[in-house]
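> Generate coordinates for the sequence data below:
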Amino acid sequence: MKFLNKHISVAIILSLAGLIGCSKSSQASDTNEASNNKSGQTSSDAPLKEPKVAAIAPEDNPALKGTPVLGFKLGDSTFDSVKARLSNYNVLDGESYAGGPILENDGSGFDIEGLQSTSFAFDANNKLVCVSMTFSESNKMGHDTYRQLVAYVKARKYKVIRVVAPFVGNQLTEFSTPNHDVISVNSPHLDFHIYVEYATQGFNRARARYQQQQSSQQKNREATNF
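Residues are numbered from 1 along each chain as shown. All right, here's what the predicted structure looks like:
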């Protein structure tokens, strides 16, 4: 979520080739120059082609300040740029809450201990809007992996906006980034997995809207039975 001597020899060979073929090249050059002079044109009049500039991937563009996650940038990375750097991925059927495609990866390629899977959700413009990760808990009683993941995110100096830490039960820490993206580290009780999510505000709004619609439809279906 990873990359002189031959040139000198070639230059000598090309120089020798130019000397060997000098007569034909010179003759052709003279002929071309004479032809150009007759038409009132010189080789310097020919339009110059501008060199092609390679496009900078959003992940490598310092001008783009999306929240970093797994080497990508929320709101800046695209479906194509993520695919280009992701290994062992699948494109899932259906679409994300934000109306775009979803990529799924088995956790390989990131060199993070305990990472079992990742998913990347995009909006209708193919911009990355949500990254989800699933980790295995190394210490089911002490929540060691959960605590370590929270510490990793805290090291970024993001603002902690919510903490749920009962003696027994679900563990949750939420952060807000300078871009107002939300990061959640969630360890459900007796699940033995930790779920980490990076999501933009737009994605969270789209998900909440969809879930509200689904809830309303479910209640309407239930009401028809009474």
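> Please go through this protein and pick out the longest helix.
Secondary structure assigned by DSSP state H gives helix 201-223 as the longest helix of the chain.
> which strands and helices sit next to that one?
Using 3 or more Cβ pairs under 8 Å, 6 or more residues apart in numbering; DSSP states H and E, the elements in contact with helix 201-223 are strand 115-123, strand 128-136. All C-beta atoms are positioned from the backbone trio N, CA, C, and that covers glycine.
> Just the buried residues of the last one, please?
Within strand 128-136, the residues that qualify as buried by neighbour count (16 or more other Cβ atoms under 10 Å) are 128-133, 135.
> biggest separation within these, which pair?
Pairwise distances across those peak at 21.3 Å for 129 and 135 (criterion: Cβ to Cβ).
> Which of the helices and strands packed on helix 201-223 sits closest to residue 72?
strand 128-136 (5.9 Å).
> which residues are in contact with the next helix or strand after the closest one?
Following strand 128-136 in sequence order, the next helix or strand is helix 144-154 (DSSP states H and E). Identification of contacts with helix 144-154 by Cβ atoms under 8 Å, 6 or more residues apart in numbering yields 114, 135-139, 160, 171, 173, 175, 183, 185, 187, 194, 196.
> rerun at 6 Å
Applying Cβ atoms under 6 Å, 6 or more residues apart in numbering, the external contacts of helix 144-154 come out as 114, 135, 137-138, 171, 173, 175, 183, 185, 187, 194.
> and after it, which helix or strand comes next?
Using DSSP H and E, the helix or strand that follows helix 144-154 in sequence is strand 159-164.
> got the angle for that next one vs helix 144-154?
Angle between the axes of strand 159-164 and helix 144-154 is 160 degrees (criterion: axes from the mean of the first three to the mean of the last three Cα atoms, to 10 degrees).
> Export only the CA atoms of strand 159-164, formatted as CSV.
The C-alpha coordinates for strand 159-164 follow below in CSV (Å, rounded to 0.1, in the frame of the first residue of the first chain):
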residue,chain,number,x,y,z
LYS,A,159,-6.6,15.4,17.2
VAL,A,160,-8.2,12.7,19.3
ILE,A,161,-12.0,13.3,19.1
ARG,A,162,-13.4,10.2,20.8
VAL,A,163,-12.2,7.4,23.1
VAL,A,164,-14.2,4.4,24.3
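> Packing partners of it?
strand 171-176 (3 or more Cβ pairs under 6 Å, 6 or more residues apart in numbering; DSSP states H and E).
> Name every strand pairing with the strand it packs on and say which way it goes.
strand 159-164 (antiparallel), strand 182-187 (antiparallel) (DSSP bridges).
> Next, format those strands as JSON lines and append distance to residue 149.
Formatted as JSON lines, those follow (distance: least, Cβ to Cβ, whole Å):
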{"stretch": "strand 159-164", "distance to residue 149": "14"}
{"stretch": "strand 182-187", "distance to residue 149": "5"}
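> Comparing those strands, which comes out most buried?
strand 182-187 (a mean of 22; mean count of other Cβ atoms under 10 Å).
> quick one: low-confidence parts of this structure?
The model of the chain has pLDDT under 70 over residues 1-54.
> which residues sit in contact with residue 190?
Counting by Cβ under 6 Å, 6+ apart, residue 190 has no contacts.
> so what's the backbone phi/psi at it?
In terms of degrees, to the nearest 10, the main-chain angles of residue 190 are phi 60, psi 10.
> Kindly report the same for the one 3 residues further on.
With angles defined as degrees, to the nearest 10, residue 193 shows backbone torsions of phi -130, psi 160.
> Now it: closest residue in space, sequence neighbours ignored.
Take residue 193 and drop its neighbours on the chain: the residue closest to it by Cβ to Cβ, 6 or more residues apart in numbering is residue 134, 5.7 Å away.
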